[in-house]
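Colleague: Need the 3D shape of this:
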Amino acid sequence: MDSEEKPSWPAQAEPAGPESNPAWRRVQLARHPKRPHSLDYIGRLCTDFQEIHGDRAFGDDPAIVAGMARFEGSPVMIVAEQKGRDTKQKVFRNFGMPKPEGYRKALRAMEVAAKFNRPIITLIDTPGAYPGVDAEQRGQAEAIARNLREMARLPVPVIAVCIGEGGSGGALALGVGSVVLMLENAVYSVISPENCANIIFKDAGKAEQVAPYMRLTAEDLLELGLIDGIVPEPPGGAQEDADQSAANLRQELVRRLAELTGLSAAQLVDQRCAKFRRMGNFFA
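Modeller: Residues are numbered from 1 along each chain as shown. Predicted structure coming up:
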């Protein structure tokens, strides 16, 4: 870069309002304290949900909820990241930040689904994987990497839905889907706006300024070919009408599952691998 060339980041920009900064507005809606979480959707979409606990190696992680259920009368496997609503729940769910045992529990559930030929629906809603020392000691990076590899070759339909925040590898560990969807006001990014602003400006308070440059909205990711569809939300966001938001998601899941049902196991694996290999390819 020429010594006189300046970065394109808006270092001197004034904070913008929601009308002129829709990306930041989406971040706020994705984090809304009353926004429906995974268990809210599971309760509205599924019947006969039977939760699976533990990874059979270390313990259970409440930040990830997994279990067998029926969707539209057919058996499915649900794997979801769960945030808390009040302080007690947030602490119990570790603020929706899974540890290695959570990702290993998720993989255990998905392998059961593959064994019994059940479609998998994952619900993504996390600011990111837990970065604590204990998680690192138990192999956080390895657990995420293993999920990425194994999800890519699951011989059953996998639909991943970002319902709120999709933060970095913590989200992607449940995001290798045959179809990847986002709710209209969800966000999905390799880093949070606060951490991005801290890296660029050494000031997390400038998160609002960098958000538009991060291309983290559903419209951005659909344009970039990183997701396959956007599920509309009620006016004002999913928190305004959780029932309607779930109904919209149900309609899209029914359609996508019908499209995938006719594919063989080999076709599902080939389709999924080809889909992710195309991402970021600027030379095709």
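Colleague: how about the helices of the stretch 1-150 of the chain, start to end?
Modeller: According to DSSP state H, counting those that start in this stretch, the stretch 1-150 of the chain carries its helices in the segments 22-30, 38-45, 87-92, 100-115, 133-137, 140-152.
Colleague: Show me what counts as buried in the first one.
Modeller: The reference is to helix 22-30. Ala23, Trp24, Arg25, Arg26, Val27, Leu29, Ala30 (16 or more other Cβ atoms under 10 Å). Where you see a C-beta, it was placed from the backbone N, CA and C, and this is true even at glycine.
Colleague: measure Ala109 to Glu150 for me?
Modeller: 12 Å (Cβ to Cβ, to the nearest Å).
Colleague: Mind checking which of these two has more residues around it?
Modeller: Taking neighbours as other Cβ atoms under 10 Å, Ala109 and Glu150 compare with Ala109 leading, 24 against 15.
Colleague: correct me, but that one touches Ala66?
Modeller: Yes - between Ala109 and Ala66 there is a contact at 3.8 Å, judged by Cβ atoms under 8 Å.
Colleague: Need the overlap of contacts for these two.
Modeller: Between them, Ala109 and Ala66 share these contacting residues under Cβ atoms under 8 Å, 6 or more residues apart in numbering: Ile52, Met77, Val79.
Colleague: mean confidence for stretch 229-240?
Modeller: Mean pLDDT, computed over stretch 229-240, is 96.
Colleague: buried stuff in that stretch?
Modeller: Ile230, Val231, Pro232, Glu233, Pro234, Gly237, Ala238, Gln239.
Colleague: Low-confidence stretches in this protein?
Modeller: Within the chain, the segments meeting pLDDT under 70 span 1-19, 282-284.
Colleague: quick one: contacts of the biggest helix by length in it?
Modeller: If you go by DSSP state H, the chain has its longest helix at helix 242-261. Residues lying outside helix 242-261 but in contact with it, judged by Cβ under 8 Å, 6+ apart, are 36, 40-41, 44-45, 71-72, 119, 121, 157, 159, 161, 163, 178-179, 181, 183, 228-229, 231-234, 238, 268.
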